[in-house]
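1. Generate coordinates for the sequence data below:
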Amino acid sequence: MLVGNLMNKNPVTVEPTESLAEAEAKMHGGNFRHLPIVQGGKLIGMLSDHDIRQHHGHLKDTRVTGAMTDDPITVTADMAIEDAVEIMLERKISALPVLDEGKLAGIITTTDMLEAFVEMFGVTENDATRIDLLLDPTPPLDLPRAAEAIQKCGGEVLGLGTYRDRWQEERAYYVVFRAKPIEAVTQALTKRGFRILGIH
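-> All right, here's what the predicted structure looks like:
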């Protein structure tokens with residue numbers, strides 16, 4: 001998935017001549033915590049609610065340029081979401097402006113990332129179930145075989161993925177599917193040798 005698929009393509013912005021009071025009103029009105037500062041379509045800085053709090057008592061008298069982060073870290077729409085997440089974690093920031101040929105094309109936030117994460121795990125799908133598995137090396141078991149077992153039970157596979165549990169050396173796998181009864185799926189997977197970690 002790419003940044004361009006998740007970003008807000010029409011972010012609210014402020015101009016450098018606006019005051020922090022005006023910026024705060026925009027944040028409260030839109031229920032967000034970051035504002036790109038734009039001049040002539042070009043990004044010149046980023047302003048957060050934290051930046052505004054540092055000037056409490058002087059919001060009407062302070063321009064956004066007096067509190068903004070100039071030369072902010074940016075990403076492009078064709079960047080992979082995983083790379084954007086790494087930047088956020090490494091830099092401890094919760095929003096990234098998205099540029100296209102030097103001009104602001106959008107903004108992506110941790111909220112957008114979390115929504116994508118929830119969607120990947122199938123939580124937003126009606127009647128979806130996620131089953132976490134461990135795959136035994138012998139006999140060879142893999143996700144396509146797990147998906148096949150689910151489909152043979154009349155289930156519909158909605159998604160497949162993998163993750164590493166920080167407390168386990170083995171890599172865990174998950175399948176998001178829609179099927180009733182779920183017990184038929186778990187029995188079929190167990191019969192084929194899959195070890196079930198959990199059902200969500």
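2. List the contacts of the most centrally placed residue in the chain.
-> Taking Cα atoms, centre = their mean as the criterion, M113 is the residue nearest the geometric centre of the chain, at 1.2 Å. Contacts for M113 (Cβ atoms under 8 Å, 6 or more residues apart in numbering) come out as 6, 81, 84-85, 88. C-beta: built from backbone N, CA, C; applies to glycine.
3. and of those residues, the nearest to L189?
-> Nearest to L189, judged by Cβ to Cβ, of the contacts of M113 is I81 at 29.3 Å.
4. Test my guess that the closest one contacts V75.
-> No. Counting by Cβ atoms under 8 Å, I81 stays clear of V75, with 9.8 Å between them.
5. Give me the common contacts of those two.
-> What both I81 and V75 touch, as defined by Cβ under 8 Å, 6+ apart, is the set V3.
6. Columns pLDDT and neighbour count on top of the contacts of M113, output as TSV?
-> Below are these laid out as TSV (pLDDT from 0 to 100; neighbours: other Cβ atoms under 10 Å):
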residue	pLDDT	neighbour count
L6	92	20
I81	90	21
A84	94	21
V85	93	16
M88	95	19
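7. Show me what the residue nearest to N126 when sequence neighbours are not counted is bridged to.
-> Closest residue to N126 apart from its sequence neighbours, by Cβ to Cβ, 6 or more residues apart in numbering: R178 at 7.9 Å. Per DSSP bridges, the residues bridged to R178 are E156.
8. Return the distance of R178 relative to G161.
-> 16 Å (Cβ to Cβ, to the nearest Å).
9. Next: G30.
-> Separation of G30 from G161 (Cβ to Cβ) stands at 33 Å.
10. Then P72?
-> Between P72 and G161 the computed distance is 32 Å (Cβ to Cβ).
11. These two: which has the busier surroundings?
-> A count of neighbours by other Cβ atoms under 10 Å puts P72 above the other of P72 and G161, at 19 against 15.
12. Switch the contacts of M113 over to CSV; also include secondary structure.
-> What follows is the contacts of M113, written out as CSV (DSSP: H, G, I helix; E, B strand; the rest coil):
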residue, secondary structure
L6, helix
I81, helix
A84, helix
V85, helix
M88, helix
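13. closest to M68 among those?
-> The closest of these, once distances to M68 are taken by Cβ to Cβ, is M88, at 18.7 Å.
14. For the nearest residue to D142 once chain neighbours are set aside, give me its contacts.
-> Of all residues not flanking D142 in the chain, L135 sits nearest, at 6.3 Å (Cβ to Cβ, 6+ apart). By Cβ under 8 Å, 6+ apart, the residues touching L135 are 141-143, 171, 173, 194-195.
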